[in-house]
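Asks: I'll drop the sequence and a predicted model, then ask my questions.
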Amino acid sequence: MSTAAAKTQLVKKEIEHLASTALTADELMQGMVKKLNQRMLKYNWVGFYLLESVPGQPPVLVLGPFVGAMTPHTRIPLNQGICGAAASSGKTVVVHDVTSDPRYLACSIETKSEIVVPVFVRGKVVGELDIDSHFPSAFGPDDQELVEYCARLLGKQLEKFRP
Ligand code: SME
């Protein structure tokens, strides 16, 4: 196993522990963003967006727990940004070079690459985990697996509290 793969396996275990001890979804989200930012050195901005669905209005992604500089994008419609693309397609989006993706909404001039992974509750997108890096191509297959694992654990936790 490569060093990078061993590291992500270790961080997965730490996240699993967080999930088994967190009492609420909010506590788990806070713990995950902190842990991912501290342990994965290229994960410079880590945050959740949660889908707000108000009847009669278009759904919007609202900034949730995050670690990193404050972003101007606190509410993102589903037809905008990498975030909107991931939530509306229900698929992970990895952008190795944000300057080459016209969908990209800039949060920091230092950001070079980004991954966004949807969070599902009983098959429906309820939010997403967004990570920005100051390094180009920071998110390889091991990273994608780790971030998708976090999103799955949060989805399971939310299922406990959302009947
Ligand atoms: N870059 C995202 C916006 C969110 S900030 O990165 C925190 C996007 O293109 O949707």
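Replies: Structure's in. What do you need? Treat the numbers as computed from the prediction; the structure is a model and nothing was measured.
Asks: Could you export stretch 32-43 as CSV, keeping only the C-alpha atoms?
Replies: Written as CSV, here are the backbone C-alpha positions of stretch 32-43 (Å, rounded to 0.1, in the frame of the first residue of the first chain):
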residue,chain,number,x,y,z
MET,A,32,-15.1,15.9,10.2
VAL,A,33,-14.2,19.3,8.7
LYS,A,34,-11.7,19.9,11.6
LYS,A,35,-10.2,16.4,11.2
LEU,A,36,-9.9,16.5,7.4
ASN,A,37,-8.3,19.9,7.5
GLN,A,38,-5.8,19.0,10.3
ARG,A,39,-4.8,15.5,9.0
MET,A,40,-4.9,16.0,5.2
LEU,A,41,-2.3,18.7,4.6
LYS,A,42,-3.6,19.7,1.2
TYR,A,43,-7.2,20.1,2.3
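Asks: what residue lies at the spatial centre of the protein?
Replies: With distances taken as CA atoms, centre = their mean, Leu129 lies nearest the centre of the chain, 1.3 Å away.
Asks: so what does the longest helix that the chain contains touch, helix or strand wise?
Replies: Longest helix in the chain, counting residues (DSSP state H): helix 141-161. Secondary-structure packing of helix 141-161 (3 or more CB pairs under 8 Å, 6 or more residues apart in numbering; DSSP states H and E): helix 3-21, helix 25-39, strand 113-121, strand 124-133. Backbone N, C-alpha and C define where each C-beta goes, glycine included.
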